[in-house]
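[1] how would this look folded up:
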Amino acid sequence: MATRVTTPVVAVAFSGGRDSTALLHAVWRQSAGTALRIVALHVHHGLMPEADAWWLHCQQQVQSWSRRDGRIRFLGRRLHDHPTPGESIEAWARRARYSALAEMAAEVRAETVLLAHHQRDQAETVLLQALRGAGPAGLAGMPRSVVRQGICWVRPWLEQPASAIEHYVRRHRLRHIEDTSNQDRRFTRNRLRHDVLPTLEAGFPQAQAALAAVARHSHDANLLIHEVTQAELQRVGASLDRLQLTGWATLSPVRQRLVLAAWLKAAAAAHALPPPHPSLQAQIALGLSTSWSASWSSEGGLVWRLYRGVLSVNCAPPAAVGQARQLAGPQTLDLPDWQARLAFEEVTAGGLSAEQLTGAWLQPRQGGEQFQAGPERPPRSLKKQFQAAGVPAWQRQAPMLCRRQSDGGVQVLFVPGLGVDAGQVAVAGMRQWRPIWAPNRLEDVSDPLE
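    Predicted coordinates:
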């Protein structure tokens, strides 16, 4: 019986920008004369007015090459979802993009997807993580390769400087898209790219290479930490729902901290939830050394209980926690009580004015609050609005942004998961800001595959 030979397929994430255009062309050119089939995967986010033109450009570019060599083809996917009210557009776009890429790769049976990130992208990622106070896992930046959803995601140019890619594009006279949103300094990565990194390079010409080296060293350190913590967890007899403190207490302080963090992460992951924020981890660690019994709550309704030398975890509906916090305007607030951050994005419509935000405060739900979901819709109870919007029960515990009315009552301005109350939206033409509620998730870095 003859053995069936499967033609190899490799996919390239193709936005039409300089870097992905160069990578797609290089893969196509270098594989000439082989049986390798190449699929250019394009995601239409629907966020920019030029998105249709970008789709057409990418499609026509691939078609032009395919007329010379039929091994290459174009496959695109249009996103029909949108960011939820209060969700970061950047974070939503990243998650949606990788989900679409994974679906398309599976459709064409590509086991490998190539990504065009390069050395400057890695340097930016390391800086972002450093400014967030990340440890070795975060400072490791983007991996050169990682397997997710049965697909191997590879960044072959992670060690290449941007100048090398620019040279390749000029040499082969490749047409590519210039995304104007890459100049928008409202986005954190753009501020680093255009303001911070050039300043660093002016004083330290090898800054990008040095930051890429930091990523490599941190990657190795993180692997070593993982090996040590897993060995220690096995030695002290930990399970996914219980950590016996008898053995844990014999460890050195640094091993206690790292082993506890590893167990908290694994125990939370067993419930498909993120681990406690580092500030809460510090509280738990202190409690383990000073208390006989205690309990702590973290995102998603996880309850961590200490009793008679055992730390355990279970999932229960979380009670509203946290103290009311007052605003002095559209200011970013770190909120360890709620393990989250409240930030503000300046918008042209659908936001709140500085006057509305000054003196407003965050508070847990008290019951009986009304919320207007749209300009033509009547106010309804938060419970009904959450149900209509499909917000999971455990995500309904975030605090509301409120303001005192002239009659002494309380007016809800913003609710995470629902957005700005339609009856409180600032007047058109007035300077205004959209609140962004961002739970602290250790894995929510600048790229889902990092």
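[2] In contact with the residue nearest to residue 350 when sequence neighbours are not counted, which residues?
    Closest residue to residue 350 apart from its sequence neighbours, by C-beta to C-beta, 6 or more residues apart in numbering: residue 425 at 5.8 Å. From N, CA and C alone the C-beta is placed, and that goes for glycine too. By C-beta atoms under 8 Å, 6 or more residues apart in numbering, the contact list for residue 425 reads 349, 350, 351, 352, 375.
[3] Narrow these to those in strands?
    residue 352 (DSSP state E).
[4] Select the longest helix from the protein.
    Criterion DSSP state H: the longest helix present in the chain is helix 207-235.
[5] That one packs against which elements?
    helix 119-131, helix 136-139, helix 197-203, helix 253-269 (3 or more C-beta pairs under 8 Å, 6 or more residues apart in numbering; DSSP states H and E).
[6] Turn the ones you listed into CSV, including mean neighbour count.
    Converted to CSV, those look like this (neighbours: other C-beta atoms under 10 Å):
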stretch, mean neighbour count
helix 119-131, 22
helix 136-139, 20
helix 197-203, 12
helix 253-269, 18
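[7] which stretch among those helices comes nearest residue 170?
    helix 119-131 (17.3 Å; C-beta to C-beta).
[8] now the angle between helix 207-235 and the closest one, please.
    Put simply, helix 119-131 runs at 60 degrees to helix 207-235, going by axes from the mean of the first three to the mean of the last three C-alpha atoms, to 10 degrees.
[9] Quick one: mean pLDDT for helix 119-131?
    The pLDDT scores in helix 119-131 average 92.
[10] Please apply the same query to stretch 186-196.
    82.
[11] now the closest residue to residue 74 other than its chain neighbours: how far from residue 160?
    Leaving aside its sequence neighbours, residue 74 sits nearest to residue 62 (C-beta to C-beta, 6+ apart; 3.9 Å). Relative to residue 160, residue 62 is positioned 23 Å away (C-beta to C-beta, to the nearest Å).
[12] Just want to know which of the two has more residues nearby.
    With neighbours defined as other C-beta atoms under 10 Å, residue 62 and residue 160 compare such that residue 62 has more, 24 against 19.
[13] Domains in the protein, by residue range?
    What automatic domain parsing lists as the domains of the chain is 9-210, 241-315, 325-439.
[14] now the end-to-end length of the shortest one.
    Between the start and the finish of domain 241-315 there is a gap of 10 Å, counting by C-alpha to C-alpha, to the nearest Å.
[15] on that earlier part again, how about a markdown table for the helices and strands packed on helix 207-235, with distance to residue 18 added?
    Below are the helices and strands packed on helix 207-235 laid out as a markdown table (distance: least, C-beta to C-beta, whole Å):
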| stretch | distance to residue 18 |
| --- | --- |
| helix 119-131 | 12 |
| helix 136-139 | 27 |
| helix 197-203 | 17 |
| helix 253-269 | 37 |
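[16] Any idea which of those gets closest to residue 213?
    Ranking the helices and strands packed on helix 207-235 by proximity to residue 213 (C-beta to C-beta) places helix 119-131 first, at 9.5 Å.
[17] Can you turn the buried part of the contacts of residue 425 into a PyMOL selection?
    Burial among these is assessed by 16 or more other C-beta atoms under 10 Å; the matching PyMOL selection reads:
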select buried, resi 351+352
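[18] from the contacts of residue 425, which single one is nearest residue 52?
    The nearest member of the contacts of residue 425 to residue 52, counting by C-beta to C-beta, is residue 349 at 22.4 Å.
[19] Skipping adjacent residues, who's closest to the closest one in space?
    residue 428 (6.2 Å).
[20] Over to residue 386?
    Residue 386 sits nearest to residue 396 (C-beta to C-beta, 6+ apart), 5.2 Å away.
[21] What is the burial count for the one you found?
    Neighbours of residue 396 using other C-beta under 10 Å come to 20.
[22] Surely it touches residue 417?
    Yes: Residue 396 is in contact with residue 417 according to C-beta atoms under 8 Å; the separation is 6.9 Å.
[23] which residues are in contact with both of the two?
    residue 386.
[24] among the helices and strands packed on helix 207-235, which is nearest residue 435?
    Nearest to residue 435, of these and by C-beta to C-beta, is helix 119-131 at 21.8 Å.
[25] show me what contacts residue 432?
    Going by C-beta under 8 Å, 6+ apart, residue 432 touches 346, 347, 348, 349, 350, 351, 352, 353, 426.
[26] Mind doing that once more with 7 Å?
    By C-beta atoms under 7 Å, 6 or more residues apart in numbering, the residues touching residue 432 are 347, 351, 352, 353, 426.
[27] Widest-spaced pair of those residues?
    Pairwise over the contacts of residue 432, using C-beta to C-beta, the maximum falls at 347 and 353, 11.3 Å.
[28] Show me what the helix or strand where residue 42 lies is in contact with.
    Counting by DSSP states H and E, the element that carries residue 42 is strand 37-44. Applying C-beta under 7 Å, 6+ apart, the contact partners of strand 37-44 are 7-15, 24, 27-28, 31, 51, 55, 58, 62, 71-79, 97, 100-101, 104-105, 108, 110.
[29] In this structure, where is pLDDT below threshold?
    By pLDDT under 70, the weakly predicted segments of the chain are 1-6, 84-87, 316-325, 336-339, 392-395, 408, 439-450.
[30] these two touch, right, residue 14 and residue 20?
    Yes: in terms of C-beta atoms under 7 Å, residue 14 counts as a neighbour of residue 20; the distance is 4.9 Å.
[31] ok, and the closest non-adjacent residue to residue 26?
    Here the residue nearest residue 26, using C-beta to C-beta, 6+ apart, is residue 168, at 6.9 Å.
[32] hang on, the earlier thing: can you tell me which of the contacts of strand 37-44 end up in strands?
    Residues from these lying in strands, with DSSP E as the criterion: 9, 10, 11, 12, 13, 72, 73, 74, 75, 76, 77, 78.
[33] Most neighbours among those, which one?
    residue 11 (28 neighbours).
[34] which residues touch that residue?
    39, 41, 105, 108, 110, 112, 113.
[35] and if we set it to 6 Å?
    Residue 11 is in contact with 39, 41, 105, 110, 113, counting by C-beta atoms under 6 Å, 6 or more residues apart in numbering.
[36] hey, what's it bridged with?
    Residue 11 has the following beta-bridge partners by DSSP bridges: residue 39, residue 113.
[37] again with residue 73
    residue 39.
[38] From residue 58, how far off is it?
    12 Å.
[39] rewinding a little: any chance of the backbone angles for the residue nearest to residue 349?
    Here is the backbone geometry of residue 428 (degrees, to the nearest 10): phi -60, psi 140.
[40] I'd like to know how many residues surround it.
    9.
[41] what's the answer for residue 372, then?
    Around residue 372 there are 19 other residues, counting by other C-beta under 10 Å.
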